[in-house]
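1. For reference, the sequence and a predicted model appear below.
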Amino acid sequence: MHKIASALTIAGTDPTGGAGIQADLKVFQEREVYGMSVITSVVAQNTEGVQDVQHLTVDFIEKQLDAVLTDIPPQAIKTGMIATVEMMELIAKKLKNSTIPYVIDPVMVAKSGHSLMDKTSREVIRQTLIPLATVVTPNVPEAEILVGFDIQTNDDAEKAAKLIVDELGAQAAIVKGGHLTGEAIDVLYDGNELYYFQSERFNTKHTHGTGCTFSAAITAELAKGKSVKDAVELGKAYITKAIEYPLELGKGNGPTNHWGYRLEGLPAQKEIVDK
Ligand SMILES: Nc1ncnc2c1ncn2[C@@H]1O[C@H](COP(=O)(O)OP(=O)(O)OP(=O)(O)O)[C@@H](O)[C@H]1O
Ligand SMILES: Cc1ncc(CO)c(N)n1
């Protein structure tokens, strides 16, 4: 028998496999973590955009959560698309007394501009879920909604990350620079220190699901017992290679490449090979 860390993603779906649950499970598999999933919404989407969304009932989401949590307790959890206030309240109720590391990717709008979270929920996520988070991973527009001011510079991103921790109650926050210009710089505040994670910005339209992939990679490393800073370092390396070596798939914003990092390795790759 092999002992293995497990991770759970609670999110929406992408039938083309680039974002949402499907992307998360690919990352978990790649990072050698046993992947599990609870679906919140089924999304008809592809690399060109979102065509339609069907939410599962809160009752049914609860049944899925109970099925997982009573049988295979994960070592880390991430949430992605949680569209409604009722879903947020359910997840908050389930995770309130948990000590399992919890990553929130506060998914609000798809790359194509389609809303994946209703307007009231944008307010409610601040009060219900953010205080439970080990780390929150907003992109710039999401961070702006959470903190209530514009983010244009790294200084603004630092202020936002600090506010999400000091005032909204998360243990850590990383404001991603994917939507800014220049180098792709993400700013992490872990309650003590600020850290910058920086990479070249690649000129590519293959950025569907980058946020899901990044937060899933962080979740996988937390499940294996890494610190937030080390998990983010790995997550950044993984997503950078996934963007640098795009796959020739899709008519629109294509998916990233989960094997990209194999071409050049990751900081923790040696650890895997040595096992
Ligand atoms: N063109 C790029 N080149 C290099 N890194 C990038 C690029 N675009 C995004 N990134 C990096 O990818 C990660 C995800 O950031 P991004 O801001 O794209 O997330 P997101 O908007 O939440 O994604 P999505 O909503 O598509 O899931 C961050 O580490 C960011 O710096
Ligand atoms: C289900 C889902 N979650 C997140 C995103 C954001 O990339 C998306 N497009 N679809």
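-> Sure thing, it's come through. Because the structure is predicted, anything quoted here is derived from the model rather than measured. Numbering: from 1, shown residues only. Ligands and ions are numbered 1, 2, ... in the order given.
2. if I pick the residue nearest the centre of the chain, what's in contact with it?
-> Taking C-alpha atoms, centre = their mean as the criterion, Ser215 is the residue nearest the geometric centre of the chain, at 2.9 Å. Ser215 sits next to Lys78, Gly80, Val103, Asp105, Thr137, Gly235 when contact means C-beta atoms under 8 Å, 6 or more residues apart in numbering. All C-beta spots, glycine's among them, are computed from the backbone N, C-alpha and C.
3. Against His114, how distant is the fifth one?
-> The reference is to Thr137. From Thr137 across to His114, the span is 20 Å (C-beta to C-beta, to the nearest Å).
4. what does the second one give?
-> Distance, Gly80 to His114, using C-beta to C-beta: 14 Å.
5. Show me which of those two is the more surrounded one.
-> Under the criterion of other C-beta atoms under 10 Å, the comparison of Gly80 against His114 puts Gly80 first, with 28 against 14.
6. Contacts only, for that one.
-> Contacts for Gly80 (C-beta under 8 Å, 6+ apart) come out as Thr9, Ile10, Ala11, Gly12, Gly20, Ile21, Asp24, Asp105, Val107, Cys212, Ser215.
7. Of these, which pair is most distant in space?
-> Gly12 and Ser215 (13.4 Å; C-beta to C-beta).
8. Do the longest helix seen in the chain and ligand 2 come into contact?
-> Secondary structure of the chain read by DSSP state H shows that its longest helix is helix 228-244. No - Helix 228-244 is not in contact with ligand 2 by C-beta under 6 Å from any ligand atom; minimum separation 12.3 Å.
9. From the contact counts, what lies against that helix?
-> Contacts defined by 3 or more C-beta pairs under 8 Å, 6 or more residues apart in numbering; DSSP states H and E place helix 228-244 against strand 135-136, strand 184-189, strand 194-199, helix 210-223, helix 260-264.
10. Contact partners for the residue of the stretch 101-250 of the chain found nearest ligand 2?
-> Ligand 2 sits closest to Ala110 of the stretch 101-250 of the chain, with a gap of 3.9 Å, by C-beta to the nearest ligand atom. The neighbours of Ala110, taking C-beta under 8 Å, 6+ apart as the test, are Ala19, Gln45, Gly49, Val50, Leu116.
11. with those residues in mind, which one is nearest to ligand 1?
-> Ala19 (5.7 Å).
12. Is it correct that that closest one is in contact with Ala216?
-> No - in this structure, Ala19 is not within contact of Ala216 by C-beta atoms under 8 Å, at 10.3 Å.
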